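>>> Provide a 3D model corresponding to the input given below.
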Amino acid sequence: MIIRPATAADLPAIDHVFRTSFCATFAHLYDPADLDSFLAGLTPEAWAAEFADPAYAFEVGEVEGEVVGYAKLGPNKLPHVAGGDVIELKQFYLLKSAHGSGLAGRLMEWVMAEARQRGAGRIALSVFSENWRAQAFYKRYGFVDRGPVTFMVGNHPDEDQVWELVL
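A predicted model of the protein is given here:
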């Protein structure tokens, strides 16, 4: 298992991890039209602009040459988080086959190191209010719940929680 900076050639693999993980965890919550609408805006082509923007950073985790997880940092756009020296953990996804492998911890170590390297004193993220596994993971790293935020999946409003970590 290795983690490394993503390349533009990794965007299709990142898309696969995102879609597979998101759908396995959440698809049952949504009308197919809402899910399709949400997923249509999250594609390798859509992420290419972020990938080219130095304000964003992508890191992938591989097992035997296959991307099985990734993390993406970028400018904070979440409410309940004061401006200033904050960076947002935009996405953090692993395939189920990578759960329990230690990859999530290695990616989170990268997230914190990269945030510090970029001058951030805080990391913010949002997580689905009923995603207990993810919430427990973030709590282990010292993230604190800052309150609810609406996260739209198509026309379906979900309640997420904004979390913040002081580095």
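>>> Give me the packing partners of the host helix or strand of Ala48, helices and strands only.
Assigned by DSSP states H and E, Ala48 belongs to helix 44-52. In terms of contact count using 3 or more CB pairs under 8 Å, 6 or more residues apart in numbering; DSSP states H and E, helix 44-52 is assigned the packing partners helix 11-26. From N, CA and C alone the C-beta is placed, and that goes for glycine too.
>>> How far off centre is the following helix or strand past the helix it packs on?
Along the chain past helix 11-26, the next helix or strand (assigned with DSSP H and E) turns out to be helix 32-40. For helix 32-40, the distance between its averaged C-alpha position and the chain's averaged C-alpha position is 18 Å (CA atoms, centre = their mean, to the nearest Å).
>>> re the thing from before, next, the angle helix 32-40 makes with the helix holding Ala48.
Our comparison of helix 44-52 with helix 32-40, counting by axes from the mean of the first three to the mean of the last three CA atoms, to 10 degrees, yields an angle of 40 degrees.
>>> ok, then the element right after helix 44-52?
Moving toward the C-terminus from helix 44-52, the first helix or strand encountered (DSSP H and E) is strand 57-63.
>>> ok so, going back, now do the helix holding Ala48 against strand 57-63, angle only.
Between the axis of helix 44-52 and that of strand 57-63 there is an angle of 120 degrees, by the same axes, to 10 degrees.
>>> For helix 44-52, list the C-alpha coordinates in PDB.
Provided in PDB are the C-alpha atoms of helix 44-52 (Å, rounded to 0.1, in the frame of the first residue of the first chain):
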ATOM      1  CA  PRO A  44     -13.000  13.400 -14.100                       C
ATOM      2  CA  GLU A  45     -13.700  16.300 -16.500                       C
ATOM      3  CA  ALA A  46     -15.300  18.400 -13.800                       C
ATOM      4  CA  TRP A  47     -12.400  17.700 -11.400                       C
ATOM      5  CA  ALA A  48      -9.800  18.500 -14.100                       C
ATOM      6  CA  ALA A  49     -10.200  22.300 -13.400                       C
ATOM      7  CA  GLU A  50      -9.700  21.700  -9.700                       C
ATOM      8  CA  PHE A  51      -6.700  19.400 -10.400                       C
ATOM      9  CA  ALA A  52      -5.100  22.100 -12.400                       C
END
